[in-house]
Structures are given as structure tokens and as C-alpha cells.
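Trainee: okay, structure incoming, though there's no sequence with it:
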């Protein structure tokens, strides 16, 4: 049994964590830090809600704390958890700087503790499907991939007249997509940055376009904008023998927002209209155009991996060096944006 506690009782914990940790056999939620008297989220039966964080630090039954608070508090709370002898799972972005990340990983190693970033989108349906197609070999040698994470939410940047790295679009969204790239293709040899504040310097960062370059002329482009009324495809993969286009994103978040939970058998499952399209030439030179049944995404696989690491001693799903490299890329993106604004 792995006994856990949540620091934070908001949308992050209740929408993006608890429905998935609850799916894993032998994980038990004992406590949730909830400083507010009233919460819009229903209380979980059998779980103790506390207002004093020391009730978590001093509970010897709690083996893992999950930090699901606003990003500005992630580093301080993660450090506090380690100092108090607790293993920690930290919501993304893991920290503001790579130096903070290195400090946390070093502290965990010194104390013989586990700390990891919650990179649940490694288990997005669209990303898993892309891997399946690439590994089938039907595309030949892959030399280019475009990834898009678009919205049409102009009210978000328009309502903000200040800038903070941890609240930027780069930190809050590239922390998903850049991690996906690093997890599959490893650390890039070079990164080109186009990070903007479309509404002007000093305002929220609301656009980014990163090109991650690898050996063999492979380029992976990660692009996002708050001003895309018509979303671009989630993934487009180009190879020497064909192309794969996945128009739509993973549906887990869509279902969670509708309070359609993971205990439903069709939770997050793509319908035929969501399937990607594969275009390729076979060995005989014949053209093919086929739909590819989507893989099933499942964010509980992160929690299953954490259970395996803490209880059975298996390797972390999200490696320390992957998290550090991701944050280095985010840091440099903001630095490049600032330089371009001068």
C-alpha cells in the first residue's frame, strides 16, 4: 500500500490527480490540505481534510505528498516536503529555474527520497498514437514533426497586464509538449526560439514556436497560441515514405471538464471521427490513405509508475535530467523573448 496526501484541494488535485490516483490499486489517499472552509469540490469519503500542513508532515503513515498548488509555491513546498522526510510528486511546471530543480533533486538524493514531476501528458492518446505510427516503420525515416497546442481564448492574455514566467504560456503549456518531445526523442542538440507577447512587452506571454533539432536532420516544432480560432492539427509527422496527421487532442481533459470520470469504460476514448489519417507509399509504389485507431490515453499510468518506483524499486518514469532539460529550455525561451523586446 502506498499512502499519499495532497497539498492543495483545488482544480488541479480534484480534476487532474485524484481521479487517476484513485484508479490505482494499493494507493490510498489519507489526507488533503484544504485551508479554505468551503470548497466547490465534494469531499472524498474516508479522507481527512486538514488546514495545518504540519498534520501532513507529522503523519508517519504518509509516504508521498502530491503538490498540486499554484506554480509559484512548487519549489518551496517541494523543498519543505523533502526536509520533512516525505517523497514528493510535483505538479508542472516543476520549478521556475533549472538551478532550483537541480537543488531539489540533489536534496532528494542526499536524503534518500523520491521526487518527480507530474508529466501526465506523456500518456495522452494522440501522443501515444503518434509513437505507434512512427514505430510501425510505415513512415520510413521521420525527419519532421509539428505539434500544436492551440486555443482561442483571447480573454486570458487580454485580462492580464503583467508578466510572470511561471504564469506564461510557455511555462504552463510547453511544460507538457516539450516534455513529450524529450521523453520520446531525448534532449535536443539545438533549440530555436520564437516566444512572443502578442499584446505588447510587459504583458502575458501568449505565443511560442520552438524548433528542437536532432541528429539525422530531425526537427520537432512545438507551437501554441491563445489566438487560434481554428486549431492546427495536434500532430503532423513527416517521413521519407509518408505522413501522419492527428487533428484532435487527447480527450481525457474534455471528459474531465464534463465530470465524466475515468471509471467509465469509454473515458477519454477517441471515436472514429477523431482518428488520425495515415498517408503513405508501399514498397510497390502504391498510394494508401488509412485511418489509424487511436491508442487509449490514461493519466493513471503516471501514478502506477510512481507506485512501482516507491514500492518495488523500479526506475522513475520521468527522469531527473529530463525535467532539468525541459526547464532549461523554458528558461531560455523567456530569456530570448526578453532580448527580442529590448
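Mentor: Right, received. Where do you want to start? Since the model is a prediction, treat every value here as computed from it, not as a measurement. Numbering: from 1, shown residues only.
Trainee: element containing residue 220?
Mentor: In the assignment (DSSP states H and E), residue 220 maps to strand 219-225.
Trainee: residue 209: neighbour count?
Mentor: The burial count assigned to residue 209 is 16, neighbours taken as other Cβ atoms under 10 Å. Just so you know, the C-beta spots here come from the backbone N, C-alpha and C atoms, and that holds for glycine as well.
Trainee: helix or strand for it, which one?
Mentor: strand 207-213.
Trainee: that strand to strand 219-225, inter-axis angle?
Mentor: Angle, strand 207-213 to strand 219-225, by axes from the mean of the first three to the mean of the last three Cα atoms, to 10 degrees: 170 degrees.
Trainee: contacting residues around strand 207-213?
Mentor: Residues outside strand 207-213 that contact it (Cβ atoms under 8 Å, 6 or more residues apart in numbering) are 169-170, 173-174, 178, 181, 185, 188-198, 219-227, 329, 333.
Trainee: could I have the buried ones of these as ChimeraX selection syntax?
Mentor: Remark: buried members of the contacts of strand 207-213, expressed as a ChimeraX selection using 16 or more other Cβ atoms under 10 Å:
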select :169,170,173,174,178,181,185,188,191,193,195,196,197,219,220,221,222,223,224,225,226,329,333
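Trainee: so which of the contacts of strand 207-213 belong to helices?
Mentor: Judged by DSSP state H, these include 169, 178, 181, 185, 329, 333 as members of helices.
Trainee: can you pick out the most distant pair from those residues?
Mentor: 169 and 185 (22.3 Å; Cβ to Cβ).
Trainee: circling back to that earlier point, tabulate the ones in helices among the contacts of strand 207-213 (JSON lines), appending pLDDT and distance to residue 10.
Mentor: As requested, these are exported to JSON lines (pLDDT from 0 to 100; distance: Cβ to Cβ, whole Å):
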{"residue": "169", "pLDDT": "94", "distance to residue 10": "20"}
{"residue": "178", "pLDDT": "98", "distance to residue 10": "25"}
{"residue": "181", "pLDDT": "98", "distance to residue 10": "28"}
{"residue": "185", "pLDDT": "98", "distance to residue 10": "33"}
{"residue": "329", "pLDDT": "98", "distance to residue 10": "27"}
{"residue": "333", "pLDDT": "97", "distance to residue 10": "27"}
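Trainee: turn those residues into a markdown table, columns for distance to residue 17.
Mentor: Output for the ones in helices among the contacts of strand 207-213, formatted as a markdown table (distance: Cβ to Cβ, whole Å):
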| residue | distance to residue 17 |
| --- | --- |
| 169 | 22 |
| 178 | 21 |
| 181 | 24 |
| 185 | 27 |
| 329 | 25 |
| 333 | 27 |
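Trainee: which of the residues you listed lies closest to residue 90?
Mentor: For the ones in helices among the contacts of strand 207-213, the nearest to residue 90 is residue 178 (16.4 Å; Cβ to Cβ).
Trainee: the closest one and residue 328 touch, don't they?
Mentor: No. Counting by Cβ atoms under 8 Å, residue 178 stays clear of residue 328, with 10.0 Å between them.
Trainee: circling back: name the strands paired with the strand holding residue 209 and say parallel or antiparallel.
Mentor: strand 190-196 (antiparallel), strand 219-225 (antiparallel) (DSSP bridges).
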